[in-house]
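K.L.:
need a structure here:
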Amino acid sequence: MALPRLDIHRRNRGERTLVTLAGDIGPATTPLLRAAVEQCLLDGVTEIDIDLTTVGSCDARGLDVLLSAAQRAGRVHARLRLHHPCAQIARLLDATGSTSLLLTAPASPVPPDASGSPMSTAAGAPEGPVRRPDQPVLRDGIRLRRLTRLQAEDMREDIADLAAESVAGTAGEAYHDRGDFLYRLAVTAHRPGFALLVAETTVLVGCAFGFPVGSDSSDGRQGGGTLQEVIQRLTPCARFVVLTQVVAHPHAQHRDIGRRLQQRLLTDLRSSLGVTLLHPADQAGQAAFSSWGWQNMGEVVGLPGPVAPCVLTLSAEGQSLARR
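P.N.:
Residues are numbered from 1 along each chain as shown. Below you'll find the model as predicted:
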């Protein structure tokens, strides 16, 4: 007797994916479905459309996989939707009260990308397409994703929670108030060129945000023109990125997460230099930035604020910024 088969094919378009299923979802094929959906989330997909046109049946265990995947997707601000279920699946969704959770928006599934290639998890592990520059970076199960201003606003509380957790119980906690963090995020979000990156697994594990300043930037207000003058005295760079905040959860790869977020932000904003300002008494914060490769240039007077901040700089990978 032949074992039930479930063929799974995937087409990608940016951060949206169409997953087409053919066969039956049951005890023998549920692990394939779970692995396929998990891979979509690991690859940074934010819209997962599952086409059930050629699925004959789905059991309760398969529905549980889809519901769990939808919940995990929601935790990383992604979405999973089912399309074209057969009568049996429609009845199962209705009987379990799952219709509104999985069939919310009846939008058409994303059409296959001409550049994409089918990937069958029934035959083996899928191979992803070549990543475009605007797609998330994935390594070691951690993806980097850039948010729009609206997405940043939607995630502000989650990001603030992460920032608070990252310093809880440390010597730097006194210099990283949650309310101050939210204020800095709100102010920075209105700067021209604002960019915010998050690092995610199935939960948020890091973030970095900032804005460009320099001769070809429309915003040089950080410290009036003073910060630009200070940086130009210290380095040969007339253009740089002010990294208002870098946060990495106490994760096994926290140091690598911080480095990757910072370098990606510099790359996205096309700058070879990052600049940040820290309270001179925030030794824990300075140590963290030092572990990420930042150079402490010392305290600088004349900048706005109640105390003279420490200016720290970070060069893009492979570039030397020291004055000769």
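K.L.:
report the buried residues of stretch 31-45.
P.N.:
Using 16 or more other Cβ atoms under 10 Å as the test for burial, stretch 31-45 gives L32, L33, R34, A36, V37, Q39, C40, L41, L42, D43, G44, V45. Where C-beta positions appear, they are placed from N, C-alpha and C, glycine not excepted.
K.L.:
got it, and stretch 17-29?
P.N.:
Neighbour counts over stretch 17-29 (16+ other Cβ under 10 Å) mark T17, L18, V19, T20, L21, A22, G23, D24, I25, G26, T29 as buried.
K.L.:
mind checking how far it is from the chain centre?
P.N.:
Its chain's C-alpha centre and that of stretch 17-29 lie 28 Å apart, by Cα atoms, centre = their mean, to the nearest Å.
K.L.:
what's the most distant pair in the buried residues of stretch 31-45?
P.N.:
Greatest spacing in the buried residues of stretch 31-45, by Cβ to Cβ: L32 and G44 (21.0 Å).
K.L.:
R72: neighbouring residues, count only.
P.N.:
Neighbour count of R72, defined by other Cβ atoms under 10 Å: 16.
K.L.:
and if you look at the one 4 residues further on?
P.N.:
The tally of other residues near V76 (other Cβ under 10 Å) stands at 20.
K.L.:
so what's it up against?
P.N.:
The neighbours of V76, taking Cβ atoms under 8 Å, 6 or more residues apart in numbering as the test, are L41, E200, T202, V203, L204.
K.L.:
mind checking which of these are buried?
P.N.:
L41, E200, L204.
K.L.:
want to throw those residues into JSON lines with secondary structure?
P.N.:
Below are the buried ones among the contacts of V76 laid out as JSON lines (DSSP: H, G, I helix; E, B strand; the rest coil):
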{"residue": "L41", "secondary structure": "helix"}
{"residue": "E200", "secondary structure": "strand"}
{"residue": "L204", "secondary structure": "strand"}
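K.L.:
that older thread, of the buried residues of stretch 17-29, closest to E173?
P.N.:
Closest to E173, out of all of those and judged by Cβ to Cβ, is T17, at 40.2 Å.
K.L.:
I appreciate the help and will end here.
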